[in-house]
Structure formats: C-alpha cells, structure tokens
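sequence-free structure coming up:
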C-alpha cells in the first residue's frame, strides 16, 4: 500500500513538474512520438522454471523537453505502451502469452551536442508506470483470480535514451528500460520488465 501511495505521489509530482516547465521562459519543446520495440520479463525465484520469450511491443505519447543550456536538458512526458511476451515452462509444459497495456512517465537528464545540422543526445533517468490491463490467455491478471491478484499494476525502474534531433523538427531515438518493481504477486517468484524500443518523434 505504501509503495502504491509513493508511486502515485511521484506520478503527481512529475505531472506538476511538466506543467511548471511549460510556464518557464526558457525554451520548452513538445514532441509527439511513436516507437516499436522488443519486450520480455526478467524472472527470478520460482519463476526461474519459466522463460520469457521476446515479444513485440510499442509506445505512443508526448515528450516535454526543457532546455537548461545548449548542452543539457531535462525531458519527461507521458507514454501509452502495449507489450507482449510468452512465458514457457523450461520443462516443455505449460505456456501463456501475456499482453499488457499501460501508462508510463519517464524523466531523463539529457546531454546533447551539435553534430552537423542537428543535435545528437544521450540521456539516463527513471520511469514510473501504471498498468491499465494485463491478460494471459484471456485471464485478467489485475483482477482477483482464486482470491488473489496475479500482477501488480504499479511499476518503476531505470531508463536510457539516445538519438538525433534533425533541424527539420524530426527526431530518431532508441530507448531502454530496466524494471526494478517486482510485478509478480507471489512471494516465491519475481517478474520484472525489460524492453528496448526504436522510434521517431516530431516537434511542434
């Protein structure tokens, strides 16, 4: 319960942070983005008897970038993600395809440098996530099944991003996220997000 409250406070704080940045006199830019990527879970404990096969996923959303200086920026935003991964028993037994839909708020510290007519950049930071839906072979993992929830809705972790801003308002980028939150409800096993994406963005 405390973790859920903390996650909510962090999400609210990030939203206020974005709003405050928009009101500043220093340059603030907004981009709309779309990414495709590969996704799976890092499994531990009793879940080590399974393997998480890499599945296809993607995100769409908006990015707010605050230019602190010509070489440093802060970047946040809101992403809507959809990911898939198939869990298979290593002994060749049962399997289930997990599909998840949710929201994420990333926050990156960005280092950037002019290269050619645009800017190359690299950044690191963290993200907060909230699951809207999660299903495995038609079973809702966010609803009570056999008296208990199978997966946690709230997620958090570390992230990295790199890319290039063209002088035509277009951007190409690649990002990676490393989940730290155990999404598996059972104490005996652990299940954490792992994903990489590549995509484009357009600045308005």
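Done, it's in. Computed from a predicted model, the values in this text were never measured in an experiment.

how far away is residue 187 from residue 65?
40 Å (Cβ to Cβ, to the nearest Å). All C-beta spots, glycine's among them, are computed from the backbone N, C-alpha and C.

Looking at these two, which one has more neighbours?
Between residue 187 and residue 65, counting by other Cβ atoms under 10 Å, residue 65 is the more crowded of the two (23 against 9).

Quick one: mean pLDDT for the helix or strand hosting that one?
Following DSSP states H and E, one finds residue 65 within strand 55-67. Strand 55-67 comes out with an average pLDDT of 96.

buried ones in it?
Buried residues in strand 55-67, defined by neighbour count with 16 or more other Cβ atoms under 10 Å: 55, 57, 58, 59, 61, 62, 63, 64, 65, 66, 67.

Just the angle for the helix or strand following it relative to strand 55-67, thanks.
Once the chain leaves strand 55-67, the next helix or strand it forms, by DSSP H and E, is strand 72-89. Angle, strand 72-89 to strand 55-67, by axes from the mean of the first three to the mean of the last three Cα atoms, to 10 degrees: 170 degrees.

Now that residue 49 has come up, it's in contact with residue 88, right?
No - using Cβ atoms under 8 Å, residue 49 is not in contact with residue 88, being 10.1 Å away.

Compare those two (neighbour count), which wins?
residue 88 (15 against 12).

counting contacts, what elements does the strand holding residue 65 pack onto?
Packing partners of strand 55-67 (3 or more Cβ pairs under 8 Å, 6 or more residues apart in numbering; DSSP states H and E): helix 2-22, strand 28-45, strand 72-89, strand 95-115, strand 189-203.

Distance check, the closest residue to residue 27 other than its chain neighbours against residue 132.
Nearest residue to residue 27, sequence neighbours excluded (Cβ to Cβ, 6 or more residues apart in numbering): residue 67, at 4.2 Å. Look at residue 67 and residue 132: by Cβ to Cβ, they are 32 Å apart.

what do you get for residue 92?
Counting by Cβ to Cβ, the gap from residue 92 to residue 132 is 33 Å.
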